[in-house]
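Student: following is a predicted model, sequence given first.
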Amino acid sequence: MAEASAVELSRVGHAYGSRQALTDITLTIPTSEIFVFVGPNGGGKSTLFRLLTTLIPPQQGQLTILGHDARQHAAEIRPLLGIVFQSPSLDKKLTVRENLQYHGAVHGMPRRIIRQRIPELLAAWDLSDRATDLVERLSGGLRRRVELAKALLPSPKMLLMDEPSTGLDPAIRRELWERLRAARDEAGLTVILTTHFMDEAERADRVAILDQGRLVALGSPEELRARIGGKVVSLASSDPERLAARIQERFGVAASIVTDSVRLELPREPGWTDSLLKEFPDAIDSLTLGKPTLEDVFIAETGHYFGPPGESENGGVGEVVGRA
């Protein structure tokens, strides 16, 4: 495999008994890229994470990680990875420094390198003044920083994180991303993470959107949003099927039904909202207008919302601009 690629998946599939968790996943992740797998529960993220961390071998297809076949050479891959699992792996009864020292010893790192690396990582993750604190006394955001410092201690070539923002408030999530970019830029680190936050995926270099074990969209956030067009309109109605049919007949615009709402994708919006409200005043309960998001890409590719019916994962798809 060329040096420019950190990961290559070719028609990768995996099943648990009769349930197909992944189907025909094909993509390449270059080195030094921040790459996000995003999807709802059951989308296949956890299985992909287990494959990439060599916890399980691929059943179908070919998976190459940092130049090694994952099925045949998992032992050669593991020392090259830094891994942050969703469940905490820190010993709460040890200090921050003691957790890092123990992790370095488990990895067989020379003591001299451990002594050198720990101060560097404590400084990089703004933990120097917390080195002697017990982990149990730290906030969730600080613990996540320690987890990342621990994963980076052996100087891995690739950092893998499973739902790293779970339980963190938005400010801490933004800070986490700033530090990840700095680590990538300084060390040429490849960063791969899973998330169910669509707004978090917007921060990545490239995104793979998963649904029911299939890859439904792949590209940079900008490229994926450009597929939708200029505006996304969602119309609430007591009879969405009839409203969609009337809109298509009257304006010749494709209208789809998504979770009891009528959804339109418009390349331009020259008075469309006023026209819709004027044409169907009794049929439209509310009209929501917004710029395309990654959630809109998900809806366009799958025909259903990312989160529970009627609820947007990132808190809404736009601004309510009219009500009949």
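Tutor: That came through fine.

Student: for residue 147, which non-adjacent residue is closest in space?
Tutor: residue 84 (5.0 Å; Cβ to Cβ, 6 or more residues apart in numbering). Quick note: C-beta positions are derived from backbone N, CA and C, even for glycine.

Student: if the one you found is in a bridge, with which residues?
Tutor: Beta-bridge pairing of residue 84 under DSSP bridges involves residue 161.

Student: who touches it in this structure?
Tutor: The contact partners of residue 84, taken as Cβ atoms under 8 Å, 6 or more residues apart in numbering, are 144, 147-148, 151, 159-162, 164.

Student: go again using 6 Å as the cut-off
Tutor: Counting by Cβ atoms under 6 Å, 6 or more residues apart in numbering, residue 84 touches 147, 151, 161, 164.

Student: and residue 218, by the same measure?
Tutor: Contact analysis of residue 218 by Cβ under 6 Å, 6+ apart lists 27, 208.

Student: which helix or which strand is home to it?
Tutor: For residue 218, the element it lies in under DSSP states H and E is strand 214-219.

Student: return the distance of the helix or strand that that strand is followed by from the chain's centre.
Tutor: Note on strand 214-219: by DSSP H and E, the next helix or strand toward the C-terminus is helix 221-226. Centroid separation between helix 221-226 and its chain, computed with Cα atoms, centre = their mean, to the nearest Å, is 15 Å.

Student: quick one: buried residues of the following helix or strand past helix 221-226?
Tutor: Next along the chain after helix 221-226, taking DSSP H and E as the criterion, comes strand 231-236. By 16 or more other Cβ atoms under 10 Å, the buried positions in strand 231-236 come out as 231-236.

Student: among those residues, which has the minimum pLDDT value?
Tutor: The lowest pLDDT within those belongs to residue 231, which sits at 77.

Student: phi, psi of residue 42?
Tutor: Dihedral angles of residue 42 (phi, psi; degrees, to the nearest 10) stand at phi 90, psi 0.

Student: so what pLDDT did the closest residue to it other than its chain neighbours get?
Tutor: Distances taken as Cβ to Cβ, 6+ apart put residue 212 closest to residue 42, at 6.7 Å, once the chain neighbours are dropped. At residue 212, the predicted lDDT confidence score is 93.

Student: burial check on residue 212, number of neighbours?
Tutor: When neighbours are counted by other Cβ atoms under 10 Å, residue 212 registers 15.

Student: element containing residue 193, please.
Tutor: Going by DSSP H and E, residue 193 is in strand 190-195.

Student: so for that strand, mean pLDDT?
Tutor: For strand 190-195, mean pLDDT is 96.

Student: same question, stretch 159-171
Tutor: Averaged across stretch 159-171, pLDDT comes to 85.

Student: list the buried ones in it?
Tutor: Within stretch 159-171, the residues that count as buried by 16+ other Cβ under 10 Å are 159-165, 168.

Student: check these and tell me the two furthest apart.
Tutor: 160 and 168 (17.9 Å; Cβ to Cβ).

Student: could you check how far the nearest residue to residue 76 once chain neighbours are set aside is from residue 193?
Tutor: Excluding the flanking residues, the one nearest residue 76 by Cβ to Cβ, 6+ apart is residue 68, at 5.0 Å. According to Cβ to Cβ, to the nearest Å, residue 68 and residue 193 sit 21 Å apart.

Student: so what touches the strand holding residue 193?
Tutor: Under the contact criterion Cβ under 6 Å, 6+ apart, strand 190-195 has outside partners 6, 31-32, 34-38, 45, 49, 158-164, 180, 184.

Student: what pairs with that strand, parallel or antiparallel?
Tutor: Sheet pairing here is set by DSSP bridges, and for strand 190-195 it gives strand 34-38 (parallel), strand 158-162 (parallel).

Student: isn't the residue nearest to residue 76 right next to residue 77, touching?
Tutor: Yes. Shown here, residue 68 and residue 77 form a contact pair, counting by Cβ atoms under 6 Å, at 5.0 Å.

Student: what about these two, which has more around it?
Tutor: Neighbour count, other Cβ under 10 Å: between residue 68 and residue 77, residue 77 has more, with 21 against 18.

Student: need phi/psi at the more buried one.
Tutor: The phi and psi values for residue 77, taken as degrees, to the nearest 10, are phi -80, psi -40.

Student: quick one, domains of the chain?
Tutor: As given by automatic domain parsing, the domain ranges for the chain are 5-224, 227-322.

Student: mind telling me which of the ones you listed the model trusts least?
Tutor: Looking at those, the bottom one is domain 227-322 with a mean of 75.

Student: so residue 31 sits against residue 7, correct?
Tutor: No. Between residue 31 and residue 7 there is no contact under Cβ under 6 Å: 9.2 Å.

Student: which neighbours do those two share?
Tutor: In terms of Cβ under 6 Å, 6+ apart, residue 31 and residue 7 are not both contacted by any residue.

Student: settle it for me: which of these two has more neighbours?
Tutor: Set side by side, residue 31 and residue 7 show more neighbours around residue 7, with 23 against 16, by other Cβ under 10 Å.

Student: which residue sits closest to that one, ignoring its sequence neighbours?
Tutor: Distance criterion Cβ to Cβ, 6+ apart; nearest residue to residue 7, sequence neighbours excluded, is residue 29 at 4.1 Å.
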